[in-house]
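Visitor: next input, structure requested:
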Amino acid sequence: MLLSDRAKDAIKVALAMMIAYAIALYMDWDRPYWAALAVAFISLETSGQSFHKGLQRLGGTLLAAFMALTLLSLFPQQRWMFMIALSSYVFFCTYMMKSKHNPYFWNVAAFVTIIVAIDAAASDQPAFYTAVLRIQETALGVLTYSMVSVVLWPRTSSKILKKTSENLTKSGLALFQSTIDREFASNPHKYLQQQGEFSALQAKFAELSNIAELESYEVWEVSKQWKDTGKLWTQYERALEVWRQSFNEVNDLELETRIPWLTRYEAEITRRFKTIIDLTEGKDVKPKPLFRDFHIKEIDISGLQYFQKAALSLYIHQLDEIERITYQLHELTTVIFSENTSNQLDFHVKESTQPDVINMGQLKGALRAFLCLWVAYLSYIYFPNLPAGTVLIILAGVYSVTLSSNPYLKPVSILVPGILSSAFGAFIYLLIMPHLHSFWSLGTVIFLSVFSIAYLFHTPQLILGRMFGLANFVMMTNISNHQSYSFNFVADQLLVFLLVIAIYAAISIFTFNLRPEVQYLNLLRRFFASTNFLLTEHQKEPHLEPTKLRQYIRRHHLNEVESIPHKMTGWIAGTSPRLDKHQLRRTVIILEALSIRLSVLINELKIAQSSQLYAALRKDIHDWSAQLKTDFAELVKDPTGATIGEAVRQCALSMPEMETTIAKVLEERGKDGIDLDERLNIYRILGGIRSVCRALEDYEDQSLKMDWPQLQEARF
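Guide: Numbering: from 1, shown residues only. A predicted model of the protein is given here:
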């Protein structure tokens with residue numbers, strides 16, 4: 001009978017932990033559970049992923065050891081200065097966990113510094129001994145699991161990367177076809193589920209493309225192309241959503257008649273995706289030239305008003321964007337899977353998004369870790385009879401740092417897996433281990449216990465149970481060469497865990513108020529505050545060059561507008577049962593539409609600064625944006641939408657005026673006297689204004705369906 005992947009992974013973790021314990025005990029090292037913890041926390045799906053995470057853990061441990069020794073040497077007898085320096089360093093590392101590529105490195109660098117520094121300060125052993133012991137045991141755990149995963153049923157990241165690439169392309173094609181079929185209107189739940197699956201595959205692809213090059217020369221040789229492909233998939237997801245958002249604006253324009261090549265366009269994009277799928281499956285694909293002659297001059301715009309031309313121009317622009325992305329995806333995939341990797345490409349893939357300057361969510365998480373560390377430290381100083389002594393400070397730091405990047409996790413949800421895993425560890429420690437007389441029997445218990453935990457908690461949805469199960473088994477059994485057994489030890493460990501959760505919950509409730517309803521409203525206000533700032537920036541004189549600081553702040557607010565709807569979605573599940581979650585999600589969908597449309601509009605306005613057509617419309621656009629800015633400022637104070645009506649009415653009044661202005665300018669200069677790109681740009685601006693106005697109308701209608709009193713109700 002063949003073993004499942006689930007059983008194989010559980011066997012590898014259990015065997016690696018047993019070997020790590022055996023080596024550490026044979027070498028008579030103190031605290032062999034540090035090596036076991038390294039095994040528990042780096043075990044991932046593939047050898048490459050595990051090795052990459054192991055390197056991050058080892059690198060973070062080296063930095064942590066250096067920082068702990070530095071802090072202890074700088075403040076040997078100054079406990080307050082020592083704590084200020086330590087907590088500030090932990091704050092910095094916790095904030096740096098926002099990094100996309102090395103968050104685990106900073107996580108380890110933070111909590112291991114706490115472990116080494118606090119433990120050494122309260123121990124008879126020299127600090128250098130503790131630091132070196134932590135490094136060597138971490139290295140042992142990383143090396144042990146890496147060797148086991150390479151020798152026993154190895155799973156390389158390169159194979160998973162290619163399979164993920166195939167699945168991602170199939171998902172991208174399915175999403176494209178669902179968008180064409182207007183499935184969002186007929187079955188929004190299914191469409192959003194498809195989007196979620198695509199986003200998950202995209203995130204997995206991005207992670208694997210960075211890791212697979214470490215273990216495969218074949219992937220390393222075309223690593224740039226793999227990473228460029230990941231960037232293009234990010235661009236594709238956004239372009240497809242912007243395209244979908246434009247459908248309502250062109251529903252009455254008879255697109256098949258006005259765009260003669262639309263059917264061929266859809267068939268060509270589908271053919272490109274199918275070719276990419278064939279390439280990723282390893283099929284022999286005969287190269288065929290891609291058709292790219294989709295000319296905008298062939299579009300029939302006769303009889304259309306200017307705002308209809310604007311809507312059609314936005315629609316065509318997104319078709320062009322999707323065509324460009326799929327062309328580049330096709331060419332990159334051809335290079336990746338062809339034998340000749342030296343093929344020259346005629347394009348350069350840019351970063352889809354720039355990194356944000358200030359990550360407000362991670363900043364709050366870092367401050368929460370900072371405060372938890374201080375509360376635990378003050379409790380240790382002023383309440384000396386608390387159980388387990390310095391373990392309270394260490395665990396408060398470890399939990400608050402690790403949980404800082406997941407604000408949606410309620411402290412109470414940690415209690416059940418924490419208590420159950422502690423009870424399991426206590427059962428092994430008190431009732432089974434006293435009867436063991438050799439490492440063979442102990443090793444069997446370790447193997448069976450770890451295998452059971454890893455096998456039962458295998459899926460990503462159960463990762464919390466897996467981490468708590470393995471960590472508390474290791475900590476509660478406290479295996480060493482000088483083994484002792486005490487019920488007080490078990491009671492102290494459990495009490496410290498409850499105290500840490502109480503501290504974390506108190507900080508979360510009384511300083512940040514992480515109640516989902518409050519966070520939902522706060523994010524709503526932040527969204528409108530950022531849109532207000534972006535409109536203010538637009539109204540500044542175009543000839544004034546913004547300072548570097550202003551550019552960074554603008555980038556931060558643009559990132560806020562684009563990311564906040566996604567963050568709001570995470571809080572919906574935890575809201576009160578009395579709230580209609582469908583209406584909360586509907587509000588988020590409207591905000592996402594407003595976010596996309598506003599971003600597109602701002603980008604087009606930036607392009608049009610030197611346009612003569614734009615100069616003629618500048619006053620009308622500024623009057624419209626000034627009114628919108630005022631209403632967004634009101635929405636920051638009161639997000640219920642009671643004041644948005646004026647902006648909607650202003651839109652209705654300003655559109656005919658803008659249309660008249662454009663007609664006059666075109667009549668004065670003649671169509672041929674104005675560059676085609678300039679005309680298309682101004683059409684896209686008008687289309688953007690119209691789409692923003694419609695999104696505001698949708699928000700006004702949606703606000704009437706929301707239960708604002710229930711959402712704003714003050715509760716503990």
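
Visitor: which other helices and strands does the longest helix anywhere in the chain contact?
Guide: The longest helix of the chain (DSSP state H) is helix 306-337. Where contact means 3 or more C-beta pairs under 8 Å, 6 or more residues apart in numbering; DSSP states H and E, helix 306-337 is packed against helix 223-245, helix 247-250, helix 262-280, helix 645-669, helix 676-705. In short, each C-beta sits where N, CA and C put it, glycine included.

Visitor: who are the packing partners of the last one?
Guide: This means helix 676-705. When contacts are defined as 3+ C-beta pairs under 8 Å, 6+ apart, helix 676-705 packs onto helix 247-250, helix 306-337, helix 581-607, helix 612-637, helix 645-669.

Visitor: next SSE after that helix?
Guide: The C-terminal neighbour of helix 676-705 among helices and strands, as given by DSSP states H and E, is helix 708-712.

Visitor: buried ones in that following helix?
Guide: Judged by neighbour count (16 or more other C-beta atoms under 10 Å), helix 708-712 contains these buried residues: L711.

Visitor: give me the mean pLDDT for it.
Guide: Per-residue pLDDT over helix 708-712 has a mean of 84.

Visitor: and it, how far from the chain's centre?
Guide: The chain centre lies 29 Å from the centre of helix 708-712; the measure is C-alpha atoms, centre = their mean, to the nearest Å.

Visitor: who touches it?
Guide: Outside helix 708-712, the residues that touch it by C-beta atoms under 8 Å, 6 or more residues apart in numbering are 517, 520-521, 575-576, 578-579, 640.

Visitor: which of these fall in helices?
Guide: Short answer: the contacts of helix 708-712 in helices (DSSP H) are 517, 520-521.

Visitor: which of those count as buried?
Guide: The neighbour count (16+ other C-beta under 10 Å) marks 517, 520-521 as buried among the ones in helices among the contacts of helix 708-712.

Visitor: turn those into a markdown table, including pLDDT and distance to I180.
Guide: Supplementary listing: these in a markdown table, determined by pLDDT from 0 to 100; distance: C-beta to C-beta, whole Å:
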| residue | pLDDT | distance to I180 |
| --- | --- | --- |
| E517 | 87 | 38 |
| Y520 | 89 | 33 |
| L521 | 89 | 37 |
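
Visitor: and those, which is closest to V112?
Guide: Nearest to V112 among these, counting by C-beta to C-beta, is Y520 at 35.3 Å.

Visitor: any idea how far L635 is from the closest residue to L704 other than its chain neighbours?
Guide: Nearest non-adjacent residue to L704, counting by C-beta to C-beta, 6 or more residues apart in numbering: G641, 7.6 Å away. Computed with C-beta to C-beta, to the nearest Å, the distance linking G641 and L635 is 7 Å.

Visitor: those two: who's more crowded?
Guide: When neighbours are counted by other C-beta atoms under 10 Å, G641 and L635 differ, and L635 comes out ahead with 25 against 20.

Visitor: would you check that that one makes contact with I644?
Guide: Yes. Counting by C-beta atoms under 8 Å, L635 touches I644, with 6.7 Å between them.

Visitor: poorly predicted segments of the stretch 51-200 of the chain, please.
Guide: The model of the stretch 51-200 of the chain has no residue with pLDDT under 70.

Visitor: that one: helices as residue ranges?
Guide: 79-96, 103-121, 127-151, 157-180, 183-186, 188-211 (DSSP state H, counting those that start in this stretch).

Visitor: give me whichever of the ones you listed is most buried.
Guide: Among the helices of the stretch 51-200 of the chain, helix 103-121 has the highest mean neighbour count (mean count of other C-beta atoms under 10 Å), at a mean of 25.

Visitor: what does that one contact?
Guide: 53, 56-57, 59-61, 63-65, 67-69, 71-72, 82, 86, 89-90, 93-94, 96-97, 99, 126-127, 130-131, 134, 369, 373, 390, 393-394, 397-398, 401-402, 405.

Visitor: repeat that for stretch 25-41.
Guide: 13, 16-17, 20-21, 23-24, 53-54, 57, 125, 133-134, 136-138, 140-142, 144-145, 439, 450, 467, 470-471, 474-475, 477-481.

Visitor: now do stretch 472-482
Guide: Residues outside stretch 472-482 that contact it (C-beta under 8 Å, 6+ apart): 21, 25, 28, 30-33, 36-37, 40, 418, 421-422, 424-426, 428-429, 433, 442, 446, 449-450, 453, 489-490, 493.

Visitor: same check, this time on stretch 507-522
Guide: So stretch 507-522 is contacted by 364, 367-368, 371-372, 375, 400, 407-408, 410-411, 568, 571-576, 579, 584, 639, 711-713, 715-716 (C-beta under 8 Å, 6+ apart).

Visitor: just the buried ones from these, in ChimeraX syntax?
Guide: The buried residues among the contacts of stretch 507-522 can be selected in ChimeraX (16+ other C-beta under 10 Å) with this line:
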select :364,367,368,371,372,375,400,407,411,568,571,572,574,575,579,584,639,711
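
Visitor: among the contacts of stretch 507-522, which ones are in strands?
Guide: With strands defined by DSSP state E, no entry of the contacts of stretch 507-522 lies inside them.

Visitor: outline the domain layout of this structure.
Guide: For the chain, automatic domain parsing gives the domain ranges 5-154+357-510, 157-214+223-337, 516-712.
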